[in-house]
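>>> Quick one: sequence and predicted model below, then my questions.
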Amino acid sequence: MTGRRPRRIVVAPGGGGVVLARHPLPGADADALVLAPDFVGICGTDLDIVAGRRSDRAAVLGHEAVVRIVSGHPSGGPGDTLGARFVVNPVNGEDQDRIIGHSEEGMLQEAVRIPGSAAWSGLLVPVRPGLDPLAAVLCEPLGVAVYGIGLLARPRPPERLLVVGAGPMGLLTAVAARLLGVPEVALADRSDRRVRYATEHGLVADHLASARASGRLDEGFAPDAVALCVGREHRRGALAEAVRVAAPGARIDLVTGFPPGETPPALPGADPYGVRRANVCGRPWPGRVAPVTATGGKPLGLTGHRGTSRRHLEDAMRLLADHPAVFRKIITDVVPLDEAPRLVRALLLARDDAATAPYRKAVVSVNA
């Protein structure tokens with residue numbers, strides 16, 4: 001784009017590391033898009049991929065992104081989009097196994113050329129006018145939270161929501177739920193440092209936050225809705241804890257992914273993998289919820305989803321525009337592309353011990 005090969009962050013072979021390297025743009029076709037990412041968020045799933053905990057094959061990560069169009073225009077969109085900012089909607093609603101930064105090359109690079117054959121309808125959603133592009137990088141994970149809260153609100157909105165996991169996805173879910181009218185939003189995490197960040201910044205009330213070494217909540221809360229927002233390696237223990245404290249009839253939203261074929265001991269016969277794949281990018285609506293029975297006979301509802309719809313992203317943008325000071329507290333680190341490999345390594349190291357992990361949400365400033 002400037003006569004030199006653009007740089008990108010590449011997952012090192014064998015897992016456990018990333019490197020900064022130059023690369024040629026792939027060949028173009030008549031319908032190709034060339035994007036210049038401005039801001040790209042580092043997500044917990046990115047770190048899981050680098051650590052080798054997932055089988056995703058994309059060499060370049062980054063699915064939380066605000067980009068500008070350098071050439072081409074989105075499918076079905078207007079032709080005058082050059083220089084306009086868009087949020088990437090990473091999951092293909094027609095094929096949920098195609099995901100930017102997972103199966104397809106991600107946005108942690110200075111320039112991205114997407115052949116027309118690889119671009120899908122709804123891949124790019126215009127950034128709301130006046131929205132700070134740095135805040136807009138939170139749009140995709142916040143859209144995930146909005147989608148999940150909607151799934152938990154059928155047939156009636158929850159009165160008491162428990163968010164398990166106080167990383168960025170957990171805090172976004174807790175904040176969104178509170179702004180969308182859930183009366184009581186509680187937060188649980190094994191790390192006192194993460195929970196303390198949430199309470200000291202006013203994101204969750206002190207009396208509704210738990211950071212005991214065991215991660216156990218007070219027995220009296222009995223949530224009627226639970227959002228599971230932990231790293232994949234903690235999924236089984238966190239789900240067992242959610243099942244234990246949930247009120248009979250509560251719904252549990254699996255923000256955390258489960259591998260195919262895994263049946264959690266706390267929910268005999270349940271299929272968490274299939275549950276999440278039943279709701280894709282806003283379809284069907286209202287979403288599907290699987291009735292399950294916990295060990296001991298407690299009835300529960302299990303739900304989850306893959307991807308977001310344009311409506312979810314636009315709802316997220318409205319929340320970001322209406323509450324900029326609140327959501328700016330979610331982001332802790334903004335670094336240039338040169339510093340991204342070092343930052344990713346530091347984030348991996350910091351999260352090794354779940355009981356002492358700090359709260360951090362990192363964003364890479366690529367072209368901004």
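Structure received.
>>> Give me the neighbour count for residue 236.
Per other CB atoms under 10 Å, the neighbour tally for residue 236 reads 17. Every residue, glycine included, has its C-beta placed from N, CA and C.
>>> That one reaches residue 267, doesn't it?
No: the pair residue 236 / residue 267 is not scored as a contact, 10.5 Å apart, by CB atoms under 8 Å.
>>> How about the contacts made by the most centrally placed residue in the chain?
The residue lying closest to the centre of the chain (CA atoms, centre = their mean) is residue 141, at 3.8 Å. Going by CB atoms under 8 Å, 6 or more residues apart in numbering, residue 141 touches 41, 43, 64, 168-169, 172.
>>> ok, now with 7 Å
Contact partners of residue 141, counting by CB atoms under 7 Å, 6 or more residues apart in numbering, are 43, 64, 168-169, 172.
>>> Just list whatever residues bridge to the closest residue in space to residue 82 that isn't next to it in sequence.
Excluding the flanking residues, the one nearest residue 82 by CB to CB, 6 or more residues apart in numbering is residue 69, at 5.7 Å. Counting by DSSP bridges, residue 69 is bridged to residue 35, residue 82.
>>> Quick one: the helices in the stretch 251-368 of the chain, in order.
272-277, 310-322, 324-328, 340-350 (DSSP state H, counting those that start in this stretch).
>>> and residue 250, which of these is closest to it?
helix 272-277 (14.8 Å; CB to CB).
>>> Next, the buried residues of the closest one.
Buried residues in helix 272-277, counting neighbours by 16 or more other CB atoms under 10 Å, are found at 272-273, 275-277.
>>> low-confidence ranges in the chain?
For the chain, applying pLDDT under 70 flags the ranges 1-3, 13-16, 28, 75-80, 212-219.
>>> In PDB, could you pull the C-alpha coordinates for stretch 258-265?
Extracted C-alpha coordinates of stretch 258-265, given in PDB (Å, rounded to 0.1, in the frame of the first residue of the first chain):
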ATOM      1  CA  PHE A 258     -16.800 -26.700  24.500                       C
ATOM      2  CA  PRO A 259     -15.300 -29.300  22.100                       C
ATOM      3  CA  PRO A 260     -17.500 -31.700  20.200                       C
ATOM      4  CA  GLY A 261     -18.600 -34.800  22.100                       C
ATOM      5  CA  GLU A 262     -17.900 -33.400  25.600                       C
ATOM      6  CA  THR A 263     -20.600 -34.100  28.200                       C
ATOM      7  CA  PRO A 264     -20.000 -32.200  31.400                       C
ATOM      8  CA  PRO A 265     -20.400 -34.300  34.600                       C
END
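>>> Give me the buried stretch members for that stretch, please.
Those would be 258, 264, for stretch 258-265 by 16+ other CB under 10 Å.
>>> Touching it from outside, list them.
Taking CB under 7 Å, 6+ apart as the rule, stretch 258-265 contacts 235-236, 239-240, 269-270, 272-273.
>>> next one: stretch 351-363
39-42, 47, 134, 137, 166, 168, 190-191, 193-194, 197, 213, 234, 330-335, 343, 347, 350.
>>> buried stuff in it?
Result for stretch 351-363 [16+ other CB under 10 Å]: buried residues 351, 354, 357, 359-363.
>>> Likewise for stretch 82-97?
So stretch 82-97, judged by 16+ other CB under 10 Å, has buried residues 84-93, 96.
>>> Quick one: the residues you listed as TSV, columns for secondary structure too.
Shown next, in TSV, are the buried residues of stretch 82-97 (DSSP: H, G, I helix; E, B strand; the rest coil):
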residue	secondary structure
84	coil
85	strand
86	strand
87	strand
88	strand
89	coil
90	coil
91	strand
92	strand
93	coil
96	strand
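>>> Looking at these, which one is closest to residue 185?
Taking CB to CB as the measure, residue 185 lies nearest residue 87 of these, at 25.1 Å.
>>> Double-check the closest one against residue 136; I have them as touching.
Yes: counting by CB atoms under 7 Å, residue 136 is a contact partner of residue 87 at 6.0 Å.
>>> anything in contact with each of those two?
Going by CB under 7 Å, 6+ apart, residues that sit against residue 87 and also against residue 136 are 66, 127.
>>> Tell me if the residue nearest to the centre of the chain really is in a strand.
No: Residue 141: not assigned to a strand; according to three-state DSSP it is helix.
>>> For it, give its distance to residue 177.
Here residue 141 is placed at a distance of 14 Å from residue 177 (CB to CB, to the nearest Å).
>>> repeat for residue 365
Residue 365 is 29 Å from residue 177, by CB to CB.
>>> which of those two has more neighbours?
Neighbour count, other CB under 10 Å: between residue 365 and residue 177, residue 177 has more, with 25 against 18.
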